[in-house]
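1. predicted model and sequence below, questions to follow.
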Amino acid sequence: MTTRAGMLIAAGALVAGTVTVLPASAAGTGEPAPRPFPPLSWTACGTKAYPKLQCATLDVPLNHDDPAGRSISLALTRIPHTAKTSQGPLLVNPGGPGGSGRGMAGYVAASLPPKVAASYDVIGFDPRGVGRSEPALDCRPGHFDPVRPDSVPRGADAERTALERAQAFAAACGKKYADVLPYIDTVSTARDLDLIRRALGAERINYLGYSYGTYLGAVYARLYPERVRRMALDSVVNPNGVWYEDNLAQDYAFDTRHKDFMAWVAKHDDVYRLGRDPEAVEAAWYRMREELRDAPAGGRVGPGELEDTFLPGGYYDGYWPKLARAFSAYVNDRDPAPLTAAYERYAEADAAADNGYSVYAAVQCRDAAWPRDWNVWRKDNWDIHAKAPFSTWNNAWYNAPCAFWPVEPLGPPDVSNDQLPPVLILQATDDAATPYEGGLALHRMVRGSSLVVEEGGGNHGVTLAGNDCLDEHLAAYLADGTVPRAEGGAEVDAVCTALPEPKPEPAAAPKQKSATESAVEDTASVRTGTTLHGLLGHVR
């Protein structure tokens, strides 16, 4: 997702026998009528954190099969190489779909070992429809304004209200962007990547993708295997579930991760005073949820907003201390202010979030078929909710516009590949957003790939976030192509130990820091998980 509290990497039904037919370039016969590209015009756009950052804009066809037709623009950023010899461009993508990648160039360049970073032009970009790229989609501004109806529908009237809301979003997208929606999809975005390559004057690209960015990279590699030099994929989408089945798998995984958080709170009962029994702590959380149905905290945080607020904790455990503090203050002190502040920090939607969700829906709904019969959704989600209630219905409504999407779906391409140089795959065993099975699946589909596992890790996005073992594997690969290889035919090529769980913060914490103060603290140490997960879109 990338809502931030929402844009879970979400999912649609994989229809048997339905695949996207890839363009001629995938078979090595060349692109249709390639247009000449003038050199990109880079201008200084440095920030306090990344003073060497440069920006450029690239025009690409809206419809790649009509290269002489309407153009759209992509916003790019770059940290130029400083070494005498360049290894070419390193394109980086934070996931989503719908995630802005312009901020990734500076972060990745600052987080890699200096010698490695110096050898690359690190390139960030806003994919089509996103951020500074034009047109930037915003189908229904304010779609996530509080207080939304309870995500768990209690009766036919509540379900009808939620369905009408999903239908309204799909209809608004179709009315506002009828000419654009057919071309907001993963294959079109992958073809954009190759036009970025051409505009950079590079024969091949290097690529680092997180989350949905792993699927984007896999699709690019299937389209253009001869144009991949190196490819590192962190927290992998399961290509076999795009997209509906992947979503259902997430529902179970996020519920498990939420239980991990409840157990952590119970372990620190001396701080949070919510009990030593994880089940009792979880029961207190659901009582809080029930109370918020009748009296939203601060008039803004109802059950849906509560789920949005705590969902980022399923992506990154560094958020647990502040979430636990808000939970404790509400339950023990009857103080809603920390909960409202947590909502504003982790979940409140702004214009960027509206844009990200619009692109997310456009890509997911176009990429693959979703059930059009709402009875299928109802049965699947009630069945899963009975076992995994934390965010199942929240996620269902997040994706429900795809049941009514105004553009016919494509089929997901086969991303199996035996034509690539070694690909480095990095995956945590307890990742909720992209469960471990996805990393294994892609490893099996890409011949010669190397799988590095973070054993016991539950975070989503694990490199350049403070785990030295994982970062050393990534740095070695980007330095000279080195990948670990298991002995004796083992499937996992290397194992890294997960980082320790976070330490608790006092329930009676100091004054709440502003977003600006927090950002300054985060950028002071660029290799913090908090900074990375902000860039990956796991908080708004």
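-> Thanks, I have the structure now.
2. which helix or strand in the protein has the lowest average pLDDT?
-> helix 515-524 (a mean of 40; mean pLDDT, DSSP states H and E).
3. now the helix or strand following that helix, how far from the chain's geometric center?
-> Next helix or strand after helix 515-524 toward the C-terminus (DSSP states H and E): helix 529-535. Averaging C-alpha positions (C-alpha atoms, centre = their mean, to the nearest Å) puts helix 529-535 12 Å from its chain's average.
4. give me the neighbour count for the closest residue in space to Val483 that isn't next to it in sequence.
-> Take Val483 and drop its neighbours on the chain: the residue closest to it by C-beta to C-beta, 6 or more residues apart in numbering is Ser450, 3.6 Å away. The way it works is simple: take the backbone N, C-alpha and C, and place the C-beta from them, glycine included. Counted with other C-beta atoms under 10 Å, residues neighbouring Ser450 total 22.
5. Ser450 reaches Val423, doesn't it?
-> Yes - taking C-beta atoms under 8 Å as the definition, Ser450 is a contact partner of Val423 at 7.3 Å.
6. beta partners of the residue nearest to Val483?
-> Listed beta-bridge partners, Ser450: Leu424 (assigned using DSSP bridges).
7. for it, what are its contacts?
-> Pro422, Val423, Leu424, Ile425, Val483, Pro484, Arg485, Asp493, Ala494 (C-beta atoms under 8 Å, 6 or more residues apart in numbering).
8. do Gly213 as well
-> By C-beta under 8 Å, 6+ apart, the neighbours of Gly213 are Val92, Asn93, Pro94, Gly95, Gly96, Gly99, Leu233.
9. what residues are up against Leu40?
-> Ala56, Leu58, Leu76, Ala199, Leu200.
10. pLDDT value on it, please?
-> If you check Leu40, the pLDDT there is 96.
11. what's the answer for Glu505, then?
-> 86.
12. could you flag which of the contacts of Ser450 are buried?
-> For the contacts of Ser450, a burial check counting by 16 or more other C-beta atoms under 10 Å picks out Pro422, Val423, Leu424, Ile425, Val483, Asp493, Ala494.
13. out of the residues you listed, who's nearest Pro338?
-> Checking the buried ones among the contacts of Ser450 against Pro338 by C-beta to C-beta gives Ile425 as the nearest, at 38.9 Å.
14. so what's that closest one up against?
-> Thr214, Ala232, Leu233, Val236, Gly439, Leu442, His443, Val446, Ser449, Ser450, Leu451, Val452.
15. ok, 6 Å please
-> With C-beta atoms under 6 Å, 6 or more residues apart in numbering as the criterion, the residues that contact Ile425 are Leu233, Gly439, His443, Ser449, Leu451.
16. neighbours around Glu491, how many?
-> 10.
17. and the helices in the stretch 1-150 of the chain?
-> Under the criterion DSSP state H, counting those that start in this stretch, helices of the stretch 1-150 of the chain are mapped to 104-111, 114-117.
18. with the stretch 301-450 of the chain instead?
-> Using DSSP H, counting those that start in this stretch, helices in the stretch 301-450 of the chain cover 303-310, 312-315, 320-333, 337-346, 351-367, 374-385, 392-399, 436-445.
19. what's in contact with the fourth one?
-> Right, the one you point to is helix 337-346. Ala297, Gly298, Val301, Glu305, Thr309, Pro312, Arg325, Ala326, Ala329, Tyr330, Gln512, Val539.
20. now the residues you listed in CSV, with distance to Gln87, pLDDT and neighbour count?
-> Converted to CSV, the contacts of helix 337-346 look like this (distance: C-beta to C-beta, whole Å; pLDDT from 0 to 100; neighbours: other C-beta atoms under 10 Å):
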residue, distance to Gln87, pLDDT, neighbour count
Ala297, 51, 98, 26
Gly298, 51, 97, 15
Val301, 48, 98, 26
Glu305, 45, 98, 28
Thr309, 42, 98, 27
Pro312, 34, 98, 29
Arg325, 45, 97, 23
Ala326, 45, 98, 29
Ala329, 50, 97, 21
Tyr330, 51, 98, 24
Gln512, 44, 52, 15
Val539, 33, 64, 22
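21. can I get those in TSV including distance to Gly155?
-> Shown next, in TSV, are these (distance: C-beta to C-beta, whole Å):
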residue	distance to Gly155
Ala297	24
Gly298	27
Val301	23
Glu305	21
Thr309	25
Pro312	30
Arg325	35
Ala326	30
Ala329	32
Tyr330	27
Gln512	38
Val539	33
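22. closest to Trp42 among the residues you listed?
-> Val539 (30.0 Å).
23. with distance to Tyr319 and pLDDT added, can I get the buried ones among the contacts of Ser450 in TSV?
-> Shown next, in TSV, are those (distance: C-beta to C-beta, whole Å; pLDDT from 0 to 100):
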residue	distance to Tyr319	pLDDT
Pro422	34	98
Val423	30	98
Leu424	27	99
Ile425	26	99
Val483	32	98
Asp493	30	98
Ala494	28	98
